[in-house]
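> Kindly generate the corresponding structure for this input.
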Amino acid sequence: MMRAAEKLSMPFEVKDCTLITRMGGVDSAVNFRELRKRIAVCPTECLFHHFCETQIRPSFDDPEFRNDFAVWSARVMRDRVLAERLGILNPYTFDTLELLRETVLDILDERMSELPYIPSAPKDDDFRFMQAATVVFDCGITLETPKDLLDAVPNMSFGSIYYHFIEARRRTENRTDDFTAWLEDCGAACEELSSAFAAVDFYYLTLPRLKTTLVKVIEQFQRRLANA
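Alright, predicted model coming up:
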């Protein structure tokens, strides 16, 4: 059972974040052939932005697809087949962004081989490659015990949820979220909660839905503690 009042060796400093978006350093694409050429040479930061940072961008709103390439294929190019093939890609299942890049290129090659001609996007609807810098700032909140974390998550901003549960996977040694990494100091006492956090399939969730899911995980864990 988790000893909720026990201090961990290092306090947890709650952070928040926002994005500063800039051009990706490659030309825009007006068709699938150009899209393939640009993806082949664009910085990995562009891939990360268009696949992973959509969750924190307030301008992104698509009920079906979580990455910009799939959205552009569906909304602008009206190619549902390509959109669905790109849309099922979860970038966090790839060991590196380069492996993700190779998979995207293969999908584009396959789809273009199936088309009788390569259509072009309407004027001003070209795909524009972007990348972003993550600006992190301190919330002034320090957590010292596992119970502090349980109490804090329901009140965290969406930026904090993104930074600690999603963006953290670029920073932590085991490519896990900050909550799980911090709770590892508690050893077996926090194993159940750590496993519950790790089991959350976060990529296809919006940040509001992800926060709701994490709160439910905490509530279920607290109920089990109370009944133990």
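> Spatially nearest residue to Met10, not counting backbone neighbours?
The spatially closest residue to Met10, leaving aside those adjacent along the chain, is Asp185, at 6.9 Å (C-beta to C-beta, 6 or more residues apart in numbering). Using the backbone N, CA and C atoms, a C-beta is placed for each residue, glycine as well.
> Any chance of the backbone angles for the one you found?
phi -70, psi -20 (degrees, to the nearest 10).
> mind listing the helices in this protein by residue range?
Chain-ordered helices for the chain, with DSSP state H as the definition, fall at 32-41, 44-52, 68-75, 80-87, 97-114, 146-152, 158-161, 178-183, 191-198, 207-227.
> For the second one, the averaged confidence score.
Meaning helix 44-52. Averaging pLDDT along helix 44-52 yields 97.
> Which residue ranges make up each domain of the chain?
The chain breaks down into these structural domains: 12-17+142-227, 25-128 (assignment by automatic domain parsing).
> which of these has the lowest average pLDDT?
Among the domains of the chain, domain 12-17+142-227 carries the lowest mean pLDDT (a mean of 90).
> Could you tell me the end-to-end distance of that one?
Separation of the first and last residues of domain 12-17+142-227 by C-alpha to C-alpha, to the nearest Å is 28 Å.
> Around Asp61, how many other residues sit close by?
Burial of Asp61, expressed as a neighbour count using other C-beta atoms under 10 Å, amounts to 9.
> Got the phi and psi for it?
Dihedral angles phi and psi of Asp61 (degrees, to the nearest 10) take the values phi -150, psi 100.
> So Asp178 sits against His164, correct?
Yes. With contact defined as C-beta atoms under 8 Å, Asp178 counts as touching His164 (4.1 Å).
> quick revisit: would you format the helices of the chain as CSV with mean neighbour count and distance to Asp125 included?
As requested, the helices of the chain are exported to CSV (neighbours: other C-beta atoms under 10 Å; distance: least, C-beta to C-beta, whole Å):
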stretch, mean neighbour count, distance to Asp125
helix 32-41, 18, 12
helix 44-52, 21, 16
helix 68-75, 22, 8
helix 80-87, 19, 15
helix 97-114, 15, 18
helix 146-152, 19, 42
helix 158-161, 20, 29
helix 178-183, 22, 38
helix 191-198, 17, 40
helix 207-227, 15, 27
